[in-house]
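K.L.:
coordinates only, sequence not included:
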């Protein structure tokens, strides 16, 4: 027996190259696909569009949700092996950006050259008077790298506090107030107010990078259903084993009970409730019922994979954390609810634990977040989240004149025609 065992071990050792290839395959696959995708993205051409909105906007953010719904038509995943493995094709993305300067707010959209017309037609369908023009990218206003001799920065990606099945507070919460002229409230009002406090030499950049997806790319429906079942206190559905037809549910404990102890087969499963009978809803608290309703409403909308990121850039002698960071984060806190979700800085934020080489590590971290912003890159440390069209419209939409004065937001002046002289009286 020992001779056969020795020969078997020698055979295994002689095939070391095979085991090494199997172990290294996942890593090799990752770098191969990454290199192909990097080359494919490098071949794409994007345009920066600035949107100047009409002087008077009577529409609520619901109009912007319709824009996101229409722009979802860019969805075009890799359809075959060649697209994915050889060409490195991936999901195209948009980048919706808001730039705040002293007494100025600018709206930008970065889109692939091939889909610029889709962006324009989607916006003009809801905002016919809007002016859309191609502009130079603003990212080099402070130099190609920040921090530098003149400017410093603070930046972060924002993460969701709960699973992305829980939506953030959407514009529906404010919509009843938006319809009242005497009480106009806008989800972005606090952000524009923060921009108003900026001094000359300071800017805040907000970036929403998004790509249209379905259940095939991101199983958000299954994840949401798990959350719904948890809220409604439904029993967890367990996958039946191979011996389920014999009434055995636990292996090997049931086999031991039957064959060794000689006891009767134990009940395999608890008796299932009949279809359509579920008392979970009766047990919900008001907060749970609100969360359940919001999750269910969100499931019927188109979704994007997305990431939220912002930078605060200022001259070294005037940089102010309360003015450029705290006020902006307070604006994002408007989208938070205890029962649903909220946005907060993740570990990409430009701060480090006091330890060795603290200054150098902080400098490297600032350079990295700046490069990821200017490169419109996905986060390096986690996957993007799922946002519905309603959530995106809440975080990015064109405000009315009452929320953001015309001196702050570049607007298109609406010219009204004169009364025709031949009009019958």
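P.N.:
Yep, it's here. Worth saying up front: this structure is predicted, and the values here are computed from it rather than measured. Numbers count the residues shown, from 1 in each chain.
K.L.:
pass me the low-pLDDT residue ranges in the stretch 301-425 of the chain, would you?
P.N.:
Scanning the stretch 301-425 of the chain with the threshold set as pLDDT under 70 gives 401-425.
K.L.:
swap in the chain?
P.N.:
Ranges of the chain meeting pLDDT under 70: 1, 176-184, 237-282, 401-425.
K.L.:
where's residue 133, which helix or strand?
P.N.:
Applying DSSP states H and E as the criterion places residue 133 in strand 131-134.
K.L.:
pairing partners for that strand, with directions?
P.N.:
strand 46-54 (antiparallel) (DSSP bridges).
K.L.:
after the strand it pairs with comes which helix or strand?
P.N.:
helix 62-71.
K.L.:
buried residues, that following helix. List them.
P.N.:
63, 64, 65, 66, 67, 68, 69, 70, 71 (16 or more other CB atoms under 10 Å). In this view, the C-beta of every residue, glycine as well, is placed from N, C-alpha and C.
K.L.:
and the gap between the nearest residue to residue 142 once chain neighbours are set aside and residue 365?
P.N.:
Ranked by CB to CB, 6 or more residues apart in numbering and with sequence neighbours excluded, the top spatial neighbour of residue 142 is residue 151, at 4.7 Å. Distance, residue 151 to residue 365, by CB to CB, to the nearest Å: 16 Å.
K.L.:
repeat that for residue 116.
P.N.:
Using CB to CB, residue 116 is found at 34 Å from residue 365.
K.L.:
quick one: residue 120 is in a strand?
P.N.:
No: under DSSP: H, G, I helix; E, B strand; the rest coil, residue 120 falls outside any strand and is assigned helix.
K.L.:
can you get me a residue count around it?
P.N.:
Residues lying near residue 120 (other CB atoms under 10 Å) number 16.
K.L.:
now do the buried residues in the longest helix along the chain.
P.N.:
Secondary structure of the chain per DSSP state H: the longest helix is helix 16-43. Residues of helix 16-43 classed as buried: 36, 37, 41 (neighbour count, 16+ other CB under 10 Å).
K.L.:
ok, now which ones touch the closest residue to the second one other than its chain neighbours?
P.N.:
Beyond its immediate neighbours in the sequence, the residue positioned closest to residue 37 (CB to CB, 6+ apart) is residue 88, lying 4.4 Å away. The neighbours of residue 88, taking CB atoms under 8 Å, 6 or more residues apart in numbering as the test, are 33, 35, 36, 37, 38, 39, 40.
K.L.:
how close does residue 88 sit to residue 43?
P.N.:
Between residue 88 and residue 43 the computed distance is 9 Å (CB to CB).
K.L.:
looking at the sheet around the one residue sitting closest to the centre of the chain, what are its partners?
P.N.:
Taking CA atoms, centre = their mean, the centroid of the chain lies closest to residue 306, which sits 2.4 Å from it. For residue 306, the beta-bridge partners are residue 210, residue 385 (DSSP bridges).
K.L.:
likewise for residue 133?
P.N.:
Per DSSP bridges, the residues bridged to residue 133 are residue 50.
K.L.:
what bridges to the residue nearest to residue 142?
P.N.:
residue 315.
K.L.:
what is the burial count for it?
P.N.:
Neighbour count for residue 151, taken as other CB under 10 Å: 19.
K.L.:
check contacts around it.
P.N.:
142, 143, 313, 314, 315, 316.
K.L.:
buried subset of the residues you listed?
P.N.:
Judged by 16+ other CB under 10 Å, buried ones among the contacts of residue 151: 142, 313, 314.
K.L.:
is it fair to say the first one lies in a strand?
P.N.:
No: counting by three-state DSSP, one finds residue 142 to be coil, located in no strand.
K.L.:
quick check, it in contact with residue 313.
P.N.:
Yes: Residue 142 is in contact with residue 313 according to CB atoms under 8 Å; the separation is 5.6 Å.
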